[in-house]
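Colleague: what follows is a predicted structure for the sequence shown.
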Amino acid sequence: MAGHSRWAKVKHFKGAIDAKRGRIFAKLSKEIAIITQQGGGDPDMNPRLRMVLLKCRGANMPSENIERAIKKGTGGGEGASFEEQTYEVYGPHGAALLVELSTDNRNRTASEIRSLLTKHGGTIASSGSVTRLFQRKGQMIIPREAAQEDQLMELALESGAEDFKAEPEGFEILTAPSQFEAVHKIVEAKGIKCEVAQITSLPFLTVPLTDADSAAAVSKLIDALEDHDDVKEVYTNAEFPAGAA
């Protein structure tokens, strides 16, 4: 789940890794294989591979799993032909979702995703109606104990970041997608470890979920989508009440 609050996302991601480690590693392996099949196995020459390797690091994915996936993608065999798609979805209680996936069978995936939406109170939105609610940004989330606020803010802004936010839980650095790698490398060169480092879709405005029932309904839809083998990422503009995400 990539939604708000950003700190709930970090906790959710860590919890999901613990609960579904095998499934998450399998999805990351699939993503690596597809990306390396398309763009090669050298991270220096394949920006998309560099991004997914950051996700693998955040999930503590074993290096041998990563190496196997790269070998699979660069093995020279025919393999399956995967198509990347984004579904625009309206969920319960006014929440909007962007669902990114990779599929080797468009019709099968479409049928399965529509079935999940019907079961959990979601509907397919008209083209562009959800995409326009989000913006692509580079995002780094850093725990408070990992850096001094003043020094990190100065470092981030001097490196080309667009925004720096300090909250009780930690710090958030936002960049244009084109500047993400440069800023991230500078931050990490100072020995500062990010909890999250990614190109993501952030909502322009969030939709507050005001009670536990509405939060649970949206969470169930997101969890069902994330459990689907073809789904890579789910972004939402839902803002969950404290302790609900």
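Modeller: Structure received. Numbers count the residues shown, from 1 in each chain.
Colleague: could you identify the longest helix within the protein?
Modeller: Identified as the longest helix of the chain according to DSSP state H is helix 21-39.
Colleague: CA atoms of the helix or strand that that one is followed by as CSV?
Modeller: Using DSSP states H and E, the helix or strand that follows helix 21-39 towards the C-terminus is helix 47-58. Listed next in CSV are the C-alpha coordinates belonging to helix 47-58 (Å, rounded to 0.1, in the frame of the first residue of the first chain):
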residue,chain,number,x,y,z
PRO,A,47,17.5,2.6,-14.2
ARG,A,48,14.4,0.5,-13.6
LEU,A,49,16.5,-2.3,-12.2
ARG,A,50,18.2,0.1,-9.8
MET,A,51,14.7,1.1,-8.5
VAL,A,52,13.6,-2.4,-7.9
LEU,A,53,16.9,-3.3,-6.2
LEU,A,54,16.1,-0.5,-3.7
LYS,A,55,12.8,-2.2,-3.0
CYS,A,56,14.6,-5.5,-2.5
ARG,A,57,16.9,-3.9,-0.1
GLY,A,58,14.0,-2.4,1.8
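Colleague: helices and strands around the helix or strand following helix 47-58, which ones?
Modeller: Moving toward the C-terminus from helix 47-58, the next helix or strand (DSSP H and E) is helix 63-73. Applying 3 or more Cβ pairs under 8 Å, 6 or more residues apart in numbering; DSSP states H and E, we find helix 63-73 packed against helix 21-39, helix 47-58. No exception for glycine: its C-beta is placed from N, CA and C like everyone else's.
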